[in-house]
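Student: can you look at this prediction? I've put the sequence above it.
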Amino acid sequence: MKVICAPEKLLPVVLDENTEYFSLYTIPANKKIGHIAQDWRVRLKKMGLYPDIVTWDFVTIAMSICAADLACLRKKSADGWTREIEITITVCNKANWTQHINKLQDAFRFLTGDFWKITLDDGGDPPLEPANISSSSADCISLLSGGMDSLIGAIDLTEAGRSPCFVSQMAKGDSKKQSEFSEAFNSKVRHYQWNHRIKVPHATERSTRGRSLIFISYGVLAATVLNKNQPIELFIPENGFISLNIPLNEGRFGSLSTKTTHPVFLNIIQDIFNAAGMQISIKRPYQGYTKGEMIKNCKNQSILLKHIGNTTSCGRFGYYNYQHCGRCVPCLVRRAAFLSAGIADTTVKEYYFDDIGKLESAREKGANDIGAVARACLLYRSNGINDVIGGSLAFSSNSAEGRQFYADVVENGLTELESLLVKHGVI
């Protein structure tokens, strides 16, 4: 599978039917060519953002990878899942990145489960330089998705006396609440909400794994308006259980379980930042916590209780008219967290599948998340945590935290989920 991402002027007139083409930052005249973030340069200029070329090229690479992830259909690969993607990306200065190609390929291999071959070309359009470069009074960046974890992260940072600049990836059903949360916690500094506006000229791949890469690149972009006398802290608030996302049964190994905030992926990205001289320090403050523990330890319970019901967790939120399904893994973790924390589940609208103990709550087709969670809980109960984890924590032997640190959060997360399943009579 081949993908080319470049300014429209550098794309060929005659297209290879076996190659996906994307125009960077403009809508092309040829409707067979996709496009990425049209008017991006103009939009950033209006915001007073003038990123350095290294940051600009990193964002371009991130968006291009996400475009390829959407455009290359897994069903066309040899095994129906794992793709071999050759992507050529036009940047402003490939010399800044050539020595880091292997690390980039490793990061994307881990994130999407595919084999990536990246080629960089010079000739990209640089950002437009504004008359006045904006600055911010913020002292850190915090990703704000509209989910419960990012809400708690926002509360804890502000309660600790920090002044975070919030960065959001716009999504239907979440954009309004992102603004509400930002205004409630830190209205003094800017809140950036961005949309990659990737347009694929045909049906897209639905099992995308590259979304978090763009979200991180937005955080890096926003950091350009902060004081750079020292590394900028980029907070990624995600509970450790979901971050690890260990396979709950044999059918969920590898990239079949998402790795959007997995420590391996984020550590590679941090290595890339360090090697490229980007003054960004990724922070994972909740890597050792379950979602239930995050609720219980939140630094301002009254503010949390006011907003927690309006957060989004569901992995299939759009499929049910922006209502939590109640049965996917993120929904089950959410419901278990409320139960573990001992507070009422005030989720806006009732869960679409409210009683997970009923037979109709299980999916007839596709992944049966309730069954997978039940199996993992029963295996943990009978054989202990090591049989559930298997080789999923092999990376931890080389980590600063150590294997037990990660094993504990998996064990605590399963304990929370088991209580939920027992309550509903599933096990």
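Tutor: Nice, I can see it.
Student: give me the element Q178 is part of.
Tutor: helix 175-186 (DSSP states H and E).
Student: for S64, that is, sorry about that
Tutor: helix 53-71.
Student: buried ones in the helix holding Q178, by neighbour count?
Tutor: 177-179, 181-182, 185-186 (16 or more other C-beta atoms under 10 Å). Glycine gets a C-beta too; all of them are placed from N, C-alpha and C.
Student: which parts of the protein are helices?
Tutor: Secondary structure of the chain (DSSP state H): helices located at 40-46, 53-71, 101-112, 148-159, 175-186, 211-222, 240-244, 263-276, 291-297, 301-307, 329-341, 369-383, 385-389, 403-423.
Student: other SSEs contacting the first one?
Tutor: With contacts defined as 3 or more C-beta pairs under 8 Å, 6 or more residues apart in numbering; DSSP states H and E, helix 40-46 has no packing partner among the helices and strands.
Student: if we can go back for a sec, now tabulate the helices of the chain in JSON lines and tack on distance to A95 and mean pLDDT.
Tutor: Below are the helices of the chain laid out as JSON lines (distance: least, C-beta to C-beta, whole Å; pLDDT from 0 to 100):
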{"stretch": "helix 40-46", "distance to A95": "22", "mean pLDDT": "88"}
{"stretch": "helix 53-71", "distance to A95": "10", "mean pLDDT": "96"}
{"stretch": "helix 101-112", "distance to A95": "12", "mean pLDDT": "95"}
{"stretch": "helix 148-159", "distance to A95": "36", "mean pLDDT": "96"}
{"stretch": "helix 175-186", "distance to A95": "37", "mean pLDDT": "87"}
{"stretch": "helix 211-222", "distance to A95": "19", "mean pLDDT": "92"}
{"stretch": "helix 240-244", "distance to A95": "34", "mean pLDDT": "96"}
{"stretch": "helix 263-276", "distance to A95": "11", "mean pLDDT": "95"}
{"stretch": "helix 291-297", "distance to A95": "42", "mean pLDDT": "98"}
{"stretch": "helix 301-307", "distance to A95": "46", "mean pLDDT": "95"}
{"stretch": "helix 329-341", "distance to A95": "41", "mean pLDDT": "97"}
{"stretch": "helix 369-383", "distance to A95": "46", "mean pLDDT": "95"}
{"stretch": "helix 385-389", "distance to A95": "42", "mean pLDDT": "93"}
{"stretch": "helix 403-423", "distance to A95": "38", "mean pLDDT": "97"}
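Student: C5 is nearest to which of those?
Tutor: helix 53-71 (3.9 Å; C-beta to C-beta).
Student: and the angle for that closest one with helix 263-276?
Tutor: Relative orientation of helix 53-71 versus helix 263-276 (axes from the mean of the first three to the mean of the last three C-alpha atoms, to 10 degrees): 150 degrees.
Student: list the helices and strands helix 53-71 packs on?
Tutor: strand 2-6, strand 19-24, strand 34-36, strand 84-91, helix 101-112, helix 211-222.
Student: which one, of the ones you listed, ends up nearest to G318?
Tutor: Here helix 211-222 is closest among those (C-beta to C-beta), at 13.4 Å.
Student: how distant is the closest one from the center of its chain?
Tutor: Relative to its parent chain, helix 211-222 has a centroid offset of 9 Å by C-alpha atoms, centre = their mean, to the nearest Å.
Student: and if you look at stretch 158-165?
Tutor: Taking C-alpha atoms, centre = their mean, one finds stretch 158-165 lying 22 Å from the centre of the chain it belongs to.
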